Structures are given as structure tokens and as C-alpha cells.
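**Q** sharing a model that was predicted from the sequence below.
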Amino acid sequence: MTQPLLETKNLTMSFGGLVAIERLDLAIHPGEIVGLIGPNGAGKTTVFNCISRFYTPSRGNIYFQGRDITRAASHEIIGLGIARTFQNVELCRSMTVMQNLLLGQHVRIRGGVMRDGLRLPGANSSETRATERADEVLELLGLTPYRDRIASALPFGLQKMVELGRSLVSQPALLLLDEPAAGADVRETQGLADLIRKIREQYNLAIMVVEHDMTFVMGLCQCLYVLDFGRKIAEGSPAEIRNNPAVIEAYLGDANLAL
Amino acid sequence: MTPSRQWLTHTNLLNVLGLIIVCFLPGLLGLLPGIPLGYVLYLVSLGLIYAIVALGLNLLFGYAGQFSLGHAGFFAIGAYTSAVLTLQAGVPFVVALLVAGFLTAAIGFLLGLPALRLSGLYLAIATLGFGVAVPQIILWIKDWTGGAMGLHSLPLASIPLGFSDIVFRTDQEYYYLAVGVLILMTILARNIVNSDTGRAFISIRDSEIAARAMGVNLVRYKTTAFALSAFYAGIAGSLYAHLLHGISPEDFTVFLSIDFVTMIVLGGLGSVSGALYGAFMLTLLQNSLTRLPIVSEFKNLYIVVLGAILILTVSFFPRGIAGAVQDLRQRFDNWLQEMTKGL
């Protein structure tokens, strides 16, 4: 086994008396697609918020490419190579789709107010390169027709797609997707799974997915972690998870898992 | 649209037209009988100077989403820095202008630090406090500032040009100085808002969560926005001091800060040209309302009208004058396309 790309050790997050995540160990290797599943309130998004450093864990550590990032600032994370999307979409509403994808390359552009204001050498060429990269990603995601539309004017499904593009364009080594299939129908969900696989191939990155749609997750991920009330109750391949008694117990009554 | 005809757009046509009007405005006004040319050009210059402040405030509030009710404070710091340097220390005008800009920017940066922890109303109150404090501090250090009497008989503004200087003696000459600085500051603002820095500002306004996730360092960009905005106010303050040849603390009250906010709301938040429209409209309005004999009967009529304008703009034209102009331009462009189709 190679060294994990991302690893959490003993990760614990409590809000006052409420323990949202308890002593969680997980690992994701380069090129892997890993799913994080569990009933509502299990702490899945909290794990994402810890990794992307919006929350500071109460205990435990997070390692990325062997480096301890538990104390890194939230704005440093994308520069290290971890990009994320949000459950309820956090686009810049007033910007166009293209501008959102340019913003996604903020850490790659390395400007500065002087260079930008005075149009010093390098400002225009780095902008052109960023635009080219953004156009490539838009093409891949089928968003080219919406390139110059204002983000907030697009339907929710497309906004989720733009957000995926914005995180992808930063060329991360690890992509955290929070419920990418939310609001999509069965056919769209299938298309999304294919697209995520294609992204993994083309950009050679690892992907961690939080998702409720079991069929989607089972078909997409090589490895799954199951959380319940903040604790890891199971991990393994989709086949192992499907037959795990603890998982069935946690999901009791969930028709999806009785497949 | 074919590339060869791409130059024929509203932007280019209006820019050329605008530049011609700007250059010949004093001459054109001179042709009209009965106009006190000097006074009108003085008013226009005042509008140009306020427009510089409005540009800066719009970068801070309209783009980065950080409210300030203290810009009269920055404006005062720029004005006094320039006045003290030229009058008491004999520093050349151009040097004083730049020092005023950068010193005010440094103070803007410092004010930006506590502002990092504040937002919305709390930020408004904090910056209001700053705006109120500045004239008071100017009163205290009266050895330098002349206290309540202010500073007067400032030397003429001049730009060294090799062997001889360009000296701005009359209101007409000063008008060209104000235009020149405003054009430079407008280009700077446009460059910034259409760049990576501009996108970082807008991302903070739209969603701080998205901004952080995209690697925007909130500390760096919020303080940059404050410093940049203060730089604009400082430069404008310096020009103001030399336009009036004298300043006193009562030029820089809280009402002036409210004027600046009204300018960008009326002109259009998050629009470079909006700041210019708003500043002009308000300067002209203010002077006609406070100086016309008929309305002088109503004390403080201007403040009432200001309030009404703010309410009406926010309710009916949330994109301000710039929004309305943009719609018109779109129509004009379509019309132009239609007309030149056969060419």
C-alpha cells in the first residue's frame, strides 16, 4: 500500500456538548474514489469542514501528502491541493460562470493589487492562460453555452456543475464533493457518475464524495466509510458494506440498502 | 459581428465623444452668455474630486462589500497631509499629493484590521466613529493644523516639467488637473475590478465561505480594499485642499461621509462609471439646493432631499444610474448594429 494522500487520525469534533465526529480514522490514496455515507446528522459534512479547515478539530490530526494540515488556514487548503464543493452551493452569485472559474484559479494566478492595477507585465498573459484552462473545464462539463451567464440565474443543477468546475479548475490532487447528485434525477445521476470517473481519469486525482443516493455511491466508489452519530461503524468495498450488519442496523428501514 | 467592425461600439464612440467634451468644456461653457465660468468650473472640479472618493468607496463597498461611514475622515487626512506639507514644510505639490495618498492608505490599512472582525452595522458604526474622531484629532494638533481656524493660503498646485513648471492658477487650469487625476484613477479602478484582485473583492462580497474555499486570504484582501479605498480618498483630499486653497475641520463632517455613500448608491454599487455619475449628480444637486435663493428659505432642505434620493434609488433603481445607463447603451448598441448592417 502506498502512502495515503489524505489521512485523518483520531479526528474528533465537538460543538459544546455535542460530539459531531468521534475518533475518526480514514485514509484516501491517490487516484481513489472514496464515499462517505451515513444517515442525516452522522457528521459527514463536518468531516469535510474539518479537512477544508472551516472547522478546527477538537482533537486529532489531518495529514495531507504526509504533512500535518490540522492548523493550516482555510484559505491555504486549495493551494495545497484540496478543493471542495458545498452541499447548498457556494457560488459567487453576481459573477458569471467564467468569472467563477477564474476565481477558482486565484491561488494559481498569484497577482497582487499593484500588478493588477497597473497592468504590469504578466498580468494579461496569466489571465489569458487562466481563461484557457477555464474554457477546457467548461467544455468537459458541458457548460460552454452558459459561459457568460450570471451564476445565480442558472438552475440549481447547473449551479452544482459550475461549482464542480470551479473546484476542478484549481487542479487539485483531492476533490471533496458534498452531495454532487442532490436534486438530480436517475438519468442525470448516472451521467454524473460517468463524468466523475472521467474527471478522475483525465485529471488523475482522488475524489471523496458525501452522498445520500446509495445506488450512485455503490456504483462509483471503490471504498466506503459509514458514519453514524459521528462514529465510523464500517469501512470497506461496496460489497462488504452492503452485507455489514451494523450498517443495515443504522439504515434500518432504508429501502435503498435492501437491494 | 465581424472583427473589422468591432471598434464601432458604444464604448469607443462614447469614450471619444466624452474626451472631446472634457477637453473643450471650459471653451463650450465660455460661449454661453451670463455663465460665471470660473464658478461653474470650480463646481465641476469639486465634482471630479468627489468622484475620486466615490471610486475608492465603491471599490471598498460596491465590490468588496465592506461598508464605510468614515470616508470624510480619510478625505480630511489627505487634505491636511497635503496642506501641512506644502504650507509648513514647503514640499512640492506633486510630492505632497502622493504622500497624502500613501499615508491615507496606510491609515486605511490600520482601520481595516479591526474591521476584519466586524461586518454590516457594526462595521458602519466603527467607521462612523473613525470619521467623527478625525476632525476632533485635527482640532487637537493645532500647532500643525491651525485648529478650528484651519489652514489657508495654500501654495498653487504645480507639476514640475523639466526646466519649467506647469502651474495651475485659475479654476480653468485646475479643472484640467482634476480631470487628469480622475482619468488615471478611473483606469486604475477599472484595471483592478477586471482582474484577479477584483474577483477576490467580489467573492468576499458574494460569499465569504466561497472566497475562503477558493483561497482568498480575507485578511489580506479586506485590508487591501481599505487601503486602496483610503488611497483614493487621500489623493482626492489633497486635490480638494488645493482647489479651495484652504481647509478647516468643519469641511469634513459626518454629513460628507453620508454624501459619499449616497453618491455610490445613487450612481450604482459595484460599477466604476456609477461612482462618477453619482458624484456629479450629487455635487450639482447640493450646490443648486444650498445656493439658490428660493430654496434657501428651507433650512437643510438638502439633507431631506438626500434622504429621499437614497430611499427612492434603493427601492426603484437598485443598480443606480449606471444600471439605467447600461440598459440604454444596450439599446444604442443594438440600434448601431442594425444601422451598420448594410455597410
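**A** That came through, no problem.
**Q** confidence score at A:Ser58?
**A** pLDDT, the model's per-residue confidence, is 95 for A:Ser58.
**Q** doesn't A:Asn10 make contact with it?
**A** No - contact criterion C-beta atoms under 8 Å: A:Ser58 and A:Asn10 do not qualify, at 10.5 Å. Glycine gets a C-beta too; all of them are placed from N, C-alpha and C.
**Q** quick one, which of the two is more surrounded?
**A** A:Ser58 (15 against 12; other C-beta atoms under 10 Å in any protein chain shown).
**Q** quick one, what contacts the more buried one?
**A** Contact analysis of A:Ser58 by C-beta atoms under 8 Å, 6 or more residues apart in numbering or on different chains lists A:Thr12, A:Met13, A:Ser14.
**Q** for the residue lying closest to A:Gly142 once chain neighbours are set aside, grab the count of nearby residues.
**A** In this structure, A:Gly142 finds its nearest non-sequential neighbour in A:Met161, 7.8 Å apart by C-beta to C-beta, 6 or more residues apart in numbering or on different chains. Counted with other C-beta under 10 Å, the neighbours of A:Met161 add up to 24.
**Q** same thing with B:Gly90?
**A** 9.
**Q** which bits of chain B sit near chain A?
**A** Those residues of chain B that sit near chain A, judged by C-beta under 8 Å from any C-beta of the partner chain, are B:188, B:191-192, B:195-200, B:202-203, B:205-207, B:209-218, B:224, B:228, B:270.
**Q** buried subset of those residues, written for PyMOL?
**A** Buried residues within the residues of chain B next to chain A, by 16 or more other C-beta atoms under 10 Å in any protein chain shown, are selected in PyMOL with:
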select buried, chain B and resi 188+191+192+195+196+197+198+199+200+202+203+205+206+207+210+211+212+213+214+215+216+217+218+224+228+270
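**Q** among the residues of chain B next to chain A, which are located in helices?
**A** B:188, B:191-192, B:196-200, B:202-203, B:205-206, B:209-213, B:218, B:224, B:228 (DSSP state H).
**Q** quick one, which of the contacts of A:Ser58 are buried?
**A** Buried among the contacts of A:Ser58 by 16+ other C-beta under 10 Å: A:Thr12, A:Met13.
**Q** turn the contacts of A:Ser58 into a markdown table, columns for secondary structure.
**A** Shown next, in a markdown table, are the contacts of A:Ser58 (DSSP: H, G, I helix; E, B strand; the rest coil):
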| residue | secondary structure |
| --- | --- |
| A:Thr12 | strand |
| A:Met13 | strand |
| A:Ser14 | strand |
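**Q** in chain A, what secondary structure element scores lowest on mean pLDDT?
**A** helix A:245-250 (a mean of 84; mean pLDDT, DSSP states H and E).
**Q** ok so, going back, which one of the contacts of A:Ser58 is nearest to chain B?
**A** Closest approach to chain B among the contacts of A:Ser58 (C-beta to the nearest C-beta): A:Met13, at 17.6 Å.
**Q** how about the residue lying closest to the closest one once chain neighbours are set aside, secondary structure?
**A** Excluding the flanking residues, the one nearest A:Met13 by C-beta to C-beta, 6+ apart is A:Ile21, at 4.4 Å. Recorded secondary structure, A:Ile21: strand (three-state DSSP).
**Q** also the one 5 residues further on?
**A** At A:Leu26, secondary structure determined by three-state DSSP is strand.
**Q** likewise B:Tyr42?
**A** helix.
**Q** so what's the spatially closest residue to it that is not a sequence neighbour up against?
**A** Residue nearest to B:Tyr42 in three dimensions, not counting chain neighbours: B:Asp171, with 4.6 Å by C-beta to C-beta, 6+ apart. With contact set as C-beta under 8 Å, 6+ apart, B:Asp171 has these partners: B:Leu37, B:Gly38, B:Tyr39, B:Leu41, B:Tyr42, B:Ser45.
**Q** B:Asp171 and B:Cys23, how far apart?
**A** 16 Å (C-beta to C-beta, to the nearest Å).
**Q** measure the residue nearest the centre of chain A to A:Phe64 for me?
**A** In chain A, the C-alpha nearest the mean C-alpha coordinate belongs to A:Leu176, at 1.6 Å (C-alpha atoms, centre = their mean). Distance of A:Leu176 to A:Phe64, computed by C-beta to C-beta: 12 Å.
**Q** now for the two: what residues contact both?
**A** A:Ile82.
**Q** got the phi and psi for the residue nearest to A:Gly142?
**A** phi -70, psi -40 (degrees, to the nearest 10).
**Q** isn't it right up against A:Leu143?
**A** Yes - counting by C-beta under 8 Å, A:Met161 does reach A:Leu143; the two are 6.1 Å apart.
**Q** which neighbours do those two share?
**A** Joint contacts of A:Met161 and A:Leu143 (C-beta under 8 Å, 6+ apart) do not exist.
**Q** ok, which stretches of the chain are strands?
**A** Reading this off chain A. Taking DSSP state E as the test, the strands found in chain A are A:6-15, A:18-28, A:33-37, A:59-64, A:67-68, A:82-84, A:174-178, A:206-210, A:223-228, A:231-236.
**Q** look at chain B instead
**A** Listed in chain order, the strands of chain B (DSSP E) span B:157-161, B:164-168.
**Q** now tabulate the ones you listed in TSV and tack on mean pLDDT and mean neighbour count.
**A** Shown next, in TSV, are the strands of chain B (pLDDT from 0 to 100; neighbours: other C-beta atoms under 10 Å in any protein chain shown):
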stretch	mean pLDDT	mean neighbour count
strand B:157-161	86	15
strand B:164-168	85	14
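**Q** burial count for A:Leu141?
**A** Counted with other C-beta under 10 Å, residues neighbouring A:Leu141 total 20.
**Q** what's the distance between it and A:Leu158?
**A** Applying C-beta to C-beta to A:Leu141 and A:Leu158 gives a distance of 10 Å.
**Q** please apply the same query to B:Leu123.
**A** B:Leu123 is 34 Å from A:Leu158, where distance means C-beta to C-beta.
**Q** quick check: residues of the stretch 51-200 of chain A near chain B?
**A** Residues of the stretch 51-200 of chain A lying near chain B (C-beta under 8 Å from any C-beta): A:52, A:54, A:73-79, A:83-84, A:86, A:90-95, A:99, A:102-104, A:106-107, A:109, A:111-113, A:116-119, A:123, A:127, A:166-167, A:170.
**Q** run through the residues that contact A:Gln99.
**A** By C-beta under 8 Å, 6+ apart, A:Gln99 lies in contact with A:Cys92, B:Arg199, B:Ile202.
**Q** care to break chain A down by domain?
**A** Domain assignment for chain A, taken from automatic domain parsing, gives A:1-81+A:172-259, A:94-169.
**Q** quick one: closest of those to B:Gln136.
**A** Closest approach to B:Gln136 among those is made by domain A:94-169 (31.2 Å; C-beta to C-beta).
**Q** grab the nearest non-local neighbour of B:Gly65.
**A** B:Arg205 (3.0 Å).
**Q** what about B:Phe201, how many residues close to it?
**A** B:Phe201: 29 neighbours (other C-beta under 10 Å).
**Q** A:Arg53 now?
**A** When neighbours are counted by other C-beta under 10 Å, A:Arg53 comes out with 22.
**Q** tell me the contacts of A:Gly236?
**A** Contacts of A:Gly236 were listed using C-beta under 8 Å, 6+ apart, and they are A:Cys223, A:Leu224, A:Asn244.
**Q** before we move on, the earlier item: so for the residue nearest to the centre of chain A, what's the pLDDT?
**A** 97.
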